[in-house]
Structures are given as structure tokens and as C-alpha cells.
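Undergrad: coords please:
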Amino acid sequence: MIKKIVLAAFILSFSISCKEDALSKVDPNSQDVNMNTVNSATQKTDATVPAEGDLIEAQPQVTNGKFPVMTFNKKEHDFGEIKDGAKVETTFIFTNTGEADLIITNAQASCGCTVPEYTKEPIKPGKSGKMKVSFDSSGKPGMQQKSVNITCNTQQGSDVLTIKANVLPKETAVTVTPTNQ
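TA: Residues are numbered from 1 along each chain as shown. This is a model prediction of the structure:
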């Protein structure tokens with residue numbers, strides 16, 4: 001019993017010292033991390049050192065309290081019926097209708113058969129960019145719906161685009177063998 005208590009005390013002291021060490025390495029003056037914490041129990045925000053169980057949230061880069069806004073010409077595209085093995089693509093056009101430069105940091109597809117390509121440079125307010133999404137239907141018969149998750153510096157921090165297709169199965173050749181009569 002005493003061994004268990006000593007072991008528990010050792011583990012507890014080790015975990016506390018690891019936490020303090022990790023917190024000492026965070027620069028509270030960093031511009032890309034907001035040290036405000038949200039206590040999950042009270043949902044209260046304060047600028048104190050986080051207590052155990054609190055979350056540290058990274059905030060998007062903002063210029064003078066103004067955010068970019070990503071406005072799309074469409075957020076969903078339906079390719080309709082396509083044959084198994086077809087490679088199709090569509091381009092989503094977006095405009096920064098906000099008041100700060102729009103920066104896309106990542107675009108991740110829900111499946112390896114879907115590949116997004118996007119404008120990498122900052123998009124000034126009033127300017128537009130493109131997100132090309134390619135879909136390879138090989139081996140994916142039936143109704144397909146894929147998403148592209150966009151990470152950006154808007155107030156929401158993310159956006160989602162959707163593509164759909166009804167992939168028709170490859171036609172299989174039917175072999176007829178003559179019967180001997």
C-alpha cells in the first residue's frame with residue numbers, strides 16, 4: 001500500500017513539473033498565440049496562467065480589429081453522373097469581402113481521391129482567389145460526397161467546400177460461351 005502511495009506521489013509530481021516546464025516555454029508576447037484561456041467549467045476568459053483543465057486557444061491574426069471575410073461564388077459543386085475512372089475538377093472562386101488581408105494556411109480534403117489547389121499569397125480586401133478541386137473517381141462507384149476543409153485567418157478560422165458525383169460502375173463485359181448442340 002505504501003509503495004502505491006509513493007508511486008502515485010512520484011507520478012503526480014512528475015506530471016506537474018512537466019506541465020510547468022511546457023508553460024515556461026510558451027512566449028506570452030507571441031503574436032500568433034493568444035494567452036487568454038477559457039475555463040471549460042465556467043466558460044470565463046481571463047489572462048492568468050492556465051490552471052489544469054483550461055484550454056489555450058490560438059486566435060487569428062487581426063489588423064486593427066478587422067478580419068478578412070471569404071465569400072464564395074458557390075460552396076458546393078455537383079458533377080452529376082460520371083464514369084468510374086473519370087478525373088474531374090471544378091474551380092471555386094472566392095472574394096475577400098472583409099477589411100484585412102485573407103490568408104489561407106491549409107486546405108485538406110476528406111479523401112485522398114480529392115485534391116485542392118489554392119491561392120497561396122495573401123488576398124487583399126476586394127480581390128479574388130481560386131480554389132481548384134480535383135476528384136479521381138477510380139474505384140468509387142455510387143454516390144460520392146467529399147469535402148475540403150479550409151483553414152484561414154477569418155473570424156471563424158475555417159470554411160468547408162463540398163463536391164458530389166454519382167459514379168457509374170465500369171461496365172463489365174459479359175462473355176457468352178456457345179453451347180454444343
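Undergrad: how about the helices of this structure, start to end?
TA: In the chain, the segments counted as helices under DSSP state H are 2-24.
Undergrad: what stretches of it score poorly on pLDDT?
TA: Residue ranges of the chain with pLDDT under 70: 1-64, 172-181.
Undergrad: Which stretches in it count as strands?
TA: In the chain, the strands defined using DSSP state E lie at 37-38, 45-46, 55-56, 70-72, 76-83, 87-96, 104-109, 114-118, 128-136, 142-152, 158-168.
Undergrad: Parallel or antiparallel, which strands does the last one pair with?
TA: Sheet neighbours of strand 158-168, with direction, are listed as strand 76-83 (parallel), strand 142-152 (antiparallel) (DSSP bridges).
Undergrad: Pick the most deeply packed of the ones you listed.
TA: strand 142-152 (a mean of 16; mean count of other Cβ atoms under 10 Å). The C-beta positions use only the backbone N, C-alpha and C, and glycine is treated the same way.
Undergrad: Now do that strand against strand 114-118: the angle between them, please.
TA: 30 degrees (axes from the mean of the first three to the mean of the last three Cα atoms, to 10 degrees).
Undergrad: Contacts for strand 142-152, please.
TA: 60, 68, 70, 102-111, 113-114, 116, 118, 131, 133, 135, 137, 157-167, 169 (Cβ atoms under 8 Å, 6 or more residues apart in numbering).
Undergrad: For the buried ones among those, write the corresponding ChimeraX selection.
TA: ChimeraX command restricting those to the buried ones, with burial defined by 16 or more other Cβ atoms under 10 Å:
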select :60,68,70,102,103,104,107,109,113,114,116,118,131,133,135,137,159,161,163,165,167
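Undergrad: thinking again about what came up before, got the strands paired with strand 158-168 as TSV, with distance to P122 columns?
TA: What follows is the strands paired with strand 158-168, written out as TSV (distance: least, Cβ to Cβ, whole Å):
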stretch	distance to P122
strand 76-83	25
strand 142-152	11
